[in-house]
Structures are given as structure tokens and as C-alpha cells.
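Enquirer: Predicted model and sequence below, questions to follow.
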Amino acid sequence: MNIFNAKILSNEEVAEKIFRLTLDAPELAKISRAGQFVQVKISDEFTLRRPLGIASTAGGKVKIFYRAVGRGTEKLSARRAGESLNILGALGNGYSAYDGKILLVGGGMGLAPLLCAAEQFSADVLIGGRTRDEVTFWQEEFRPHVGKIFITTDDGSYAKKGFVIDLLPEVLSAENYSAILTCGPEIMMRGVAKFAFEKNIPCEVSFEKRMACGLGACLSCSIDTVNGRKKVCKDGPIFDAKEVFA
Ligand SMILES: Cc1cc2nc3c(=O)[nH]c(=O)nc-3n(C[C@H](O)[C@H](O)[C@H](O)COP(=O)(O)OP(=O)(O)OC[C@H]3O[C@@H](n4cnc5c(N)ncnc54)[C@H](O)[C@@H]3O)c2cc1C
Ligand code: FES
């Protein structure tokens with residue numbers, strides 16, 4: 001088990017209630033793989049750590065993107081550059097590596113672990129979000145690391161109006177991808193997996209469950225799969241889509 005005290009380099013709001021946290025954490029960056037996550041100790045008043053995906057490990061810095069949704073993440077958003085943050089990680093299994101170009105399909109904060117995959121693999125990305133503000137910062141983050149960028153917004157305020165599922169058939173008909181990696185709302189990942197099954201493309205999905213220990217000890221994050229009960233924190237968070245959605 002690796003615990004780090006990482007110095008906060010910045011903690012900026014990049015869209016309403018969405019924050020980019022950059023940590024000086026070269027040792028953590030070295031051992032992290034795309035799709036893995038960390039458990040963050042927010043402060044002494046919180047017994048449970050909060051799980052957050054690793055979005056970048058470039059240059060020995062670890063980037064994390066989070067939405068302030070509750071007490072813990074609100075408190076995290078008040079942490080400032082220069083302070084130190086206690087981090088447990090890297091946890092979970094991570095995405096598999098594939099030869100050839102892969103397609104990353106993400107919705108909302110699900111784009112965070114996919115950004116790390118974009119840094120490590122050859123990929124195009126399909127970005128989905130609610131509004132213009134919720135997709136344009138992702139576009140800038142992904143731009144240096146991917147070939148093509150496709151975007152949908154729920155409200156039509158930027159790029160194509162609709163959900164990633166609406167654009168996916170067009171994207172898949174234009175190129176032969178060796179795999180699809182997806183992360184976001186479960187309903188979106190189910191839809192992505194359905195297209196992948198039809199086209200016979202390997203597909204990996206990233207699961208989110210409320211977590212306590214994050215280490216496989218408390219069973220609070222168990223899910224049913226075709227191969228029996230699995231722990232999202234230890235056996236996942238990445239699963240073959242056929243294992244969870246078949
Ligand atoms: C493996 C993993 C990776 C994650 N990566 C990210 C990430 O990169 N960025 C990000 O913004 N969030 C991510 N999450 C979700 C994040 O952990 C929760 O949003 C956070 O723990 C909420 O803490 P809180 O104290 O602010 O909210 P709480 O006060 O505990 O809860 C507030 C609201 O958030 C919801 N919530 C709490 N925990 C989760 C959860 N695990 N999944 C979904 N909803 C939850 C609650 O149902 C409630 O509605 C990840 C979760 C997991 C399991
Ligand atoms: S969070 Fe404890 S077993 Fe997964």
C-alpha cells in the first residue's frame with residue numbers, strides 16, 4: 001500500500017463546480033496506470049477517504065478533475081496551492097493496452113481517467129457533456145494527446161446536440177478502432193457497449209461505486225458480474241464490458 005503526502009501545485013475551477021487539482025507527486029506518477037484511481041484524505045474531520053480518478057501523470061505531476069458534489073469535494077475545493085494532501089494509491093487495475101488506434105468515449109467527469117489513457121495510448125476521443133462550458137476545457141486537455149476529437153452537448157450549446165450514443169455510429173463507421181474504452185454514467189456505458197458488441201470491438205468500462213476502504217477489505221463496493229461477485233476497488237474499476245453488460 002502506497003501513501004503519499006503530495007504538495008498541491010494548483011486547485012482551479014475550470015467550469016462551474018468542476019476543479020482541476022494538480023499535485024507534485026513524481027513517485028505516484030511513476031507507478032500509476034490509466035484507469036487507476038487514488039483515495040484522497042480530505043481532512044481530519046472525514047473518516048473515509050474519497051476515490052478520484054487519475055487524469056494525468058505527465059512530468060511527475062498528478063492531475064485530478066473533480067466535481068464538487070458534497071461535503072468532501074466541497075471541502076477539497078477550498079484547499080490551496082502549497083498545502084499538502086494525503087493520497088493513497090495508485091489503486092485498482094487500470095485499462096488494458098491495445099495495438100492500433102483506440103476510441104475513448106466519456107461523459108462528464110468520466111473523461112478524467114480517459115485523459116490519462118489518451119496520454120498513454122494512440123487514440124481518438126468522443127466527449128459528451130451537458131453544456132459548452134462542461135466540454136470545452138476537456139477539448140483543450142485532450143487536444144495535445146489525441147488524433148480526432150468528437151463532441152456532443154446535451155443542450156446543443158456547442159458541437160453536436162445530443163448524447164455520445166447519437167454520434168457513436170458515425171464515428172465507428174469512419175474508422176476501424178482496435179478497442180473502445182469508456183467511462184461515465186452507467187446508462188451511457190451500456191449504450192457504448194451495445195455498439196461495441198454489434199461491431200465485435202473489445203470494450204472496457206470503468207465502474208463507480210461508493211467506496212470505504214478502497215483496498216478490497218470491506219466489500220462495500222461489490223457488484224454482480226457474469227463471473228460472480230467482484231469488488232470495484234480491487235478487481236476493477238475497469239471491467240470487460242462482456243463481464244458486466246452482456
Ligand atoms: C473509482 C472511482 C473514481 C472516481 N473518480 C472521480 C473523478 O475522477 N472525478 C469526480 O468528480 N468524481 C469521481 N468519483 C466520484 C467521487 O468519488 C464522489 O463524487 C465523491 O466521493 C463524493 O464525495 P463528497 O463527500 O463530496 O460527497 P458525499 O457528501 O459523500 O455525497 C454527495 C453526492 O455524491 C454522490 N456520490 C458519492 N460518492 C459517489 C460515488 N463513488 N460515485 C458516484 N456518486 C457518488 C452521492 O450519492 C451524493 O449524491 C469517483 C468514484 C469512484 C468510485
Ligand atoms: S471499498 Fe472496501 S472492498 Fe472495495
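Expert: Yep, that arrived. Ligands and ions are numbered 1, 2, ... in the order given.
Enquirer: Please work out the average pLDDT along stretch 23-39.
Expert: On average, the pLDDT along stretch 23-39 is 97.
Enquirer: I misspoke; the intended subject was stretch 53-67.
Expert: Here the average pLDDT along stretch 53-67 is 97.
Enquirer: Please identify the buried residues of it?
Expert: Gly53, Ile54, Ala55, Ser56, Thr57, Lys61, Val62, Lys63, Ile64, Phe65, Tyr66, Arg67 (16 or more other Cβ atoms under 10 Å). Heads up, the C-betas are built off the backbone N, CA and C, glycines and all.
Enquirer: Tell me who's in contact with the fourth one.
Expert: Shown here is Ser56, whose contacts under the criterion Cβ atoms under 8 Å, 6 or more residues apart in numbering are Val62, Lys63, Leu115, Cys116, Glu119.
Enquirer: What strands flank the lengthiest strand in the chain, and is each parallel or antiparallel?
Expert: Taking DSSP state E as the criterion, the chain has its longest strand at strand 3-15. Here strand 3-15 is paired, per DSSP bridges, with strand 18-24 (antiparallel), strand 84-91 (antiparallel).
Enquirer: Mind putting these into TSV with distance to ligand 2 and mean neighbour count?
Expert: Listed next are the strands paired with strand 3-15 as TSV, based on distance: least, Cβ to the nearest ligand atom, whole Å; neighbours: other Cβ atoms under 10 Å:
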stretch	distance to ligand 2	mean neighbour count
strand 18-24	22	20
strand 84-91	9	20
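Enquirer: can you list those strands in a markdown table and add distance to Ser32?
Expert: A markdown table is the format used below for these (distance: least, Cβ to Cβ, whole Å):
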| stretch | distance to Ser32 |
| --- | --- |
| strand 18-24 | 11 |
| strand 84-91 | 4 |
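Enquirer: With that, I have no additional questions.
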